[in-house]
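*Asks:* Below are the sequence and a predicted model; questions follow.
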Amino acid sequence: MEQEMNEVKISVIMPVYRVEDYVGRAIESMQKQTLQEFEFLIVDDGSPDRSGEICDAYAKKDARIRVFHRKNQGAPAARNAAMDLAKGKYLYFLDSDDWAEPEMLEEMYRLAEKYCAELVVAGFYIDTYYGENQFRTDDFVPEDAVYLTKGEFRRNSYRLFDRNMLYTPWNKLYLREYIEKHRLRFPKTMWDDFPFNLSVIDQVERVAVTSRQYYHFIRARAESETAAYRPGMYEKREEEHGWLLDLYRRWNIRTPETAEFIARRYIERFIGCVENLTNPNCRMNYRQKRREVRKMLKNERVAKSLRLAKPRSFYMKVMLIPVRMRNVTLLLLEASVITFVKTKNTRLFARLKAGR
């Protein structure tokens, strides 16, 4: 499939690392796209398994695919390297263990062209696997919308955040000219997707949103992944919250709806941080955990968020009872129960989490 570079409509970028069992499916989901005028830039980030070889095999049969092999530097650096080489009018980022519906690129491209959009946002699926053929699918669906001014987008951005639409890159199409104009790249940090997207939307003006779902985010090995302990999680969540506050301060957006969303988002992640401390792999003893939770409860952001947040689920309302009481013992007990459910019955935990 030979094509001149000036015909490339979309540059698809995919970092690859230890995904030999999944990368073929990801590549083939791009080859099945109804839009054919794209280039596929695959960065083998020093993968120790056969991932790189598998990508090379596909590249030999499809001229649109280019594979770059490099020492391991992480997904952000891999994406950035491919962005420097991209020729497409738009950029699309694919994760190597996921896949997309065949119409994705064509329909997102059509929206971008119709509205001269700098950013296109689409719905997606999360498929959580519990066995080889057993999985649960959760739908993430935004409302159809077109924003043609900065002010219009900024006032309504909380709606997209609230539906988890602005955190990841794989449900979006980015105008490359806009990305290059603002010199945007993925930062080398934990959970790099969020700060990258914050930098993208900071000055964005024309945004098209579709309720159509195309992308399948795969959660494989559910038990082990949801049960993982994350050191430094609280500090990272605090940093993230600061980024979001700074963004809305710069925008001078102070609507009640936005304030409620930010508060609810903070308090939900606060609960997640307490649950993280009760993970069996956390090496703190009980006294240290109590000290940590007590310190967390003293954060002024907690009291402010409790005043503004309107929790939507019974689960979250129950979890917030000991937070309002400042009862460390009860909070750790509740979190321990949730962690037990998380490690022993991931399906039930997924239903609880979806209700947040």
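*Replies:* Nice, thanks for sending it over. Numbering: from 1, shown residues only.
*Asks:* Quick check, central residue of this structure?
*Replies:* The centre of the chain sits closest to Thr168, judged by C-alpha atoms, centre = their mean, with a distance of 3.0 Å.
*Asks:* my guess is that one meets Asp193, correct?
*Replies:* Yes: under the criterion of C-beta atoms under 8 Å, Thr168 makes contact with Asp193 at 5.1 Å. All C-beta atoms are positioned from the backbone trio N, CA, C, and that covers glycine.
*Asks:* before we move on, back to that, any figure for the gap between the residue nearest to the centre of the chain and Thr34?
*Replies:* Noted for Thr168: a distance of 23 Å to Thr34, by C-beta to C-beta, to the nearest Å.
*Asks:* for His241, same thing?
*Replies:* Relative to Thr34, His241 is positioned 40 Å away (criterion: C-beta to C-beta).
*Asks:* Give me the more crowded residue out of those two.
*Replies:* Neighbour comparison, His241 and Thr34: the larger count goes to His241, with 18 against 11 (by other C-beta atoms under 10 Å).
*Asks:* which SSE is that one in?
*Replies:* helix 233-251 (DSSP states H and E).
*Asks:* C-terminal to that helix, what's the next element?
*Replies:* The helix or strand immediately downstream of helix 233-251 is helix 256-277, counting by DSSP H and E.
*Asks:* which of the residues in that next one are buried?
*Replies:* Using 16 or more other C-beta atoms under 10 Å as the test for burial, helix 256-277 gives 258-277.
*Asks:* show me where pLDDT drops low in this structure?
*Replies:* When residues are selected by pLDDT under 70, those of the chain lie in 1-6, 221-227, 344-356.
*Asks:* Give me the neighbour count for the residue lying closest to Phe194 once chain neighbours are set aside.
*Replies:* Of all residues not flanking Phe194 in the chain, Tyr167 sits nearest, at 5.3 Å (C-beta to C-beta, 6 or more residues apart in numbering). Neighbours of Tyr167 under the rule other C-beta under 10 Å: 15.
*Asks:* Now do the contacts for Tyr167.
*Replies:* Phe161, Asp193, Phe194, Asn197 (C-beta atoms under 8 Å, 6 or more residues apart in numbering).
*Asks:* hmm, 10 Å instead?
*Replies:* Tyr167 makes contact with Leu160, Phe161, Trp191, Asp193, Phe194, Phe196, Asn197, Leu198, Glu240, according to C-beta atoms under 10 Å, 6 or more residues apart in numbering.
*Asks:* Can you say which of those are buried?
*Replies:* Here, 16+ other C-beta under 10 Å leaves Leu160, Phe161, Asp193, Phe194, Phe196, Asn197, Leu198, Glu240 buried among the contacts of Tyr167.
*Asks:* what about the nearest residue to the first one once chain neighbours are set aside, is that helix, strand or coil?
*Replies:* Which is Leu160. Once flanking residues are discounted, Leu160 sits nearest to Leu166: 5.0 Å by C-beta to C-beta, 6+ apart. Classification of Leu166 by DSSP: H, G, I helix; E, B strand; the rest coil places it in coil.
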